[in-house]
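Asker: turn this into a model:
(one chain, ligands or ions: 1)
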Amino acid sequence: MNFKNKIVLITGANSGIGNALAEKLIAEKYYVIGTSRNGKIENIKSKNLFVVALDVTNQKSIENANKLIRNKFNGIDILVNNAGIGPDLDKTEPDLESLRATFETNVFGLVNFTETVLDLVNQNGKILNISSIMATLNRTAKIDSTAYRMSKAALNMYTKTLSARLKDRNIDVNSIHPGWVNTKLSTKGAPLSTEFSANGIFKLIETEMKTGTFWNAELQEEMLW
Ligand SMILES: NC(=O)c1ccc[n+]([C@@H]2O[C@H](COP(=O)([O-])OP(=O)(O)OC[C@H]3O[C@@H](n4cnc5c(N)ncnc54)[C@H](OP(=O)(O)O)[C@@H]3O)[C@@H](O)[C@H]2O)c1
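Answerer: Here you go, the predicted structure:
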């Protein structure tokens, strides 16, 4: 399928990987609906960008975002669930505050927002959930970032169940590890640029892939769950 000129909704498009992906997609002639909490994406000036304020942890904000999107668009082709937080990254012991905050955004918020826009996703469309290699179950020897790892593992299960649910609409749902990327979320020493990561995710957007796959966008290979 040719995805050129398609409409892509990216959450958290004001910063980091989401921002670089928005820039890449616009350069490749896609139309981007980019969300940010403050309703601004200052660095991209393009008629192919529509900015929507969205805090996925806030029900009113989800409803308002839906109104704005539905006033302007009858459907979207690709949803990239990119917005996420990692308050306990590198911490070795889990704390309840981080667990709650991380799940509010990375799991409850993401799922809640996705379910409200599911009917907008066109037949043959895609949903890409930005997960992390840190959720891979064979990396359990690591002891850090419990809340973050748990949240992305939960997200991966959502990818699986949603991919099965949406098979009859031919909508592919995949989890993606974007690489260890230098952003305001990442821990010190992240080697990859947001542009590199966005290029890797872009390849997946333009490739047909089995639904329900966990994909490493850095190495361009399927990953273990
Ligand atoms: N960087 C890495 O090495 C790495 C590795 C694996 C996975 N990831 C994943 O990649 C995704 C993007 O992260 P990033 O590294 O690019 O970090 P980032 O620069 O901090 O971007 C995160 C984005 O999520 C938004 N966001 C946070 N909470 C939100 C909420 N409640 N509602 C709506 N938007 C919210 C942020 O908005 P504000 O600007 O308003 O905070 C920002 O736009 C995340 O899901 C992250 O877990 C990153």
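Asker: for stretch 51-60, which outside residues touch it?
Answerer: Outside stretch 51-60, the residues within contact range by C-beta atoms under 8 Å, 6 or more residues apart in numbering are 11, 13, 33-41, 61-62, 64-65, 68-69, 83, 104-105, 108-110, 112-113. In short, each C-beta sits where N, CA and C put it, glycine included.
Asker: how does it look with 7 Å?
Answerer: Residues external to stretch 51-60 that are found in contact with it (C-beta atoms under 7 Å, 6 or more residues apart in numbering): 11, 33-41, 61-62, 64-65, 68-69, 83, 104-105, 109-110, 112-113.
Asker: now do the contacts for Thr136.
Answerer: Going by C-beta under 7 Å, 6+ apart, Thr136 touches Met223, Leu224, Trp225.
Asker: burial count for the nearest residue to Ala83 once chain neighbours are set aside?
Answerer: Spatially, and ignoring its direct neighbours in sequence, Ala83 is nearest to Gly12 (3.3 Å; C-beta to C-beta, 6 or more residues apart in numbering). Residues within reach of Gly12, counting by other C-beta atoms under 10 Å, total 26.
Asker: ramachandran coordinates for Gly12?
Answerer: Main-chain dihedrals, Gly12, degrees, to the nearest 10: phi 70, psi 50.
Asker: quick check: next helix or strand after the helix or strand hosting Ala164?
Answerer: In the assignment (DSSP states H and E), Ala164 maps to helix 146-165. Later in the chain than helix 146-165, the nearest helix or strand by DSSP H and E is strand 172-177.
Asker: who are the contact partners of the residue nearest to Ala83?
Answerer: So Gly12 contacts Gly18, Thr35, Ser36, Asn82, Ala83 (C-beta under 7 Å, 6+ apart).
Asker: remind me what the helix holding Ala164 packs against, helices and strands.
Answerer: Counting contacts by 3 or more C-beta pairs under 7 Å, 6 or more residues apart in numbering; DSSP states H and E, helix 146-165 is packed against helix 96-103, strand 121-130, strand 172-177.
Asker: mind listing the strands the last one pairs with, and their directions?
Answerer: Looking back up the chat, that one is strand 172-177. Sheet pairing here is set by DSSP bridges, and for strand 172-177 it gives strand 121-130 (parallel), strand 214-216 (parallel).
Asker: now mean pLDDT and distance to Ala22 too, for these, in TSV please.
Answerer: Converted to TSV, those look like this (pLDDT from 0 to 100; distance: least, C-beta to C-beta, whole Å):
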stretch	mean pLDDT	distance to Ala22
strand 121-130	97	13
strand 214-216	97	20
